[in-house]
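Novice: quick one: sequence plus predicted model below, questions after.
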Amino acid sequence: GERAQKAEDTFVKLGADRIADVVKRANDQYAANRDELQSVWDGTKEGFAHGYKEKLFDAFDDEYYALMKNDRQLYTMIGTYIKQHPQEFLTGMTE
């Protein structure tokens, strides 16, 4: 949805290229099916469940969660990024 591109960009920023690739392919799949999905997403449970019934994203989910489970480097990447870019995380601080 609205945060899909931001998620992809964030993984790229972190250097988590394999995860970024999965997110990019899922985003592309969504874009290719956007009109159909939006036509049935009417705010009801049934509309929401339609995307699951079509199994459009199952392979991406499986791949993403397998990477997240096995790629402990991601947490190191996050810590490194925060240390290198503290201004993006600290607000209201005075020197």
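Specialist: Structure's in. What do you need?

Novice: who are the packing partners of the longest helix seen in the chain?
Specialist: Longest helix in the chain, counting residues (DSSP state H): helix 17-40. Helix 17-40 sits against helix 4-14, helix 45-54, helix 58-70, with contacts defined as 3 or more C-beta pairs under 8 Å, 6 or more residues apart in numbering; DSSP states H and E. The C-beta positions use only the backbone N, C-alpha and C, and glycine is treated the same way.

Novice: contact partners of the helix or strand of the chain with the lowest mean pLDDT?
Specialist: Lowest by mean pLDDT, DSSP states H and E among the helices and strands of the chain is helix 45-54, with a mean of 74. The contact list for helix 45-54, computed with C-beta atoms under 8 Å, 6 or more residues apart in numbering, reads 33, 37, 40-41, 57.

Novice: what's the answer for stretch 34-44, then?
Specialist: With C-beta under 8 Å, 6+ apart as the test, stretch 34-44 has contacts from 30, 47-48, 50-51, 56.

Novice: same check on stretch 74-86?
Specialist: Contacts for stretch 74-86 (C-beta under 8 Å, 6+ apart): 13-16, 19, 68, 88-89.

Novice: can you do 7 Å?
Specialist: 13-16, 19, 68, 89 (C-beta atoms under 7 Å, 6 or more residues apart in numbering).

Novice: what is the most widely separated pair among the residues you listed?
Specialist: Met68 and Phe89 (21.4 Å; C-beta to C-beta).
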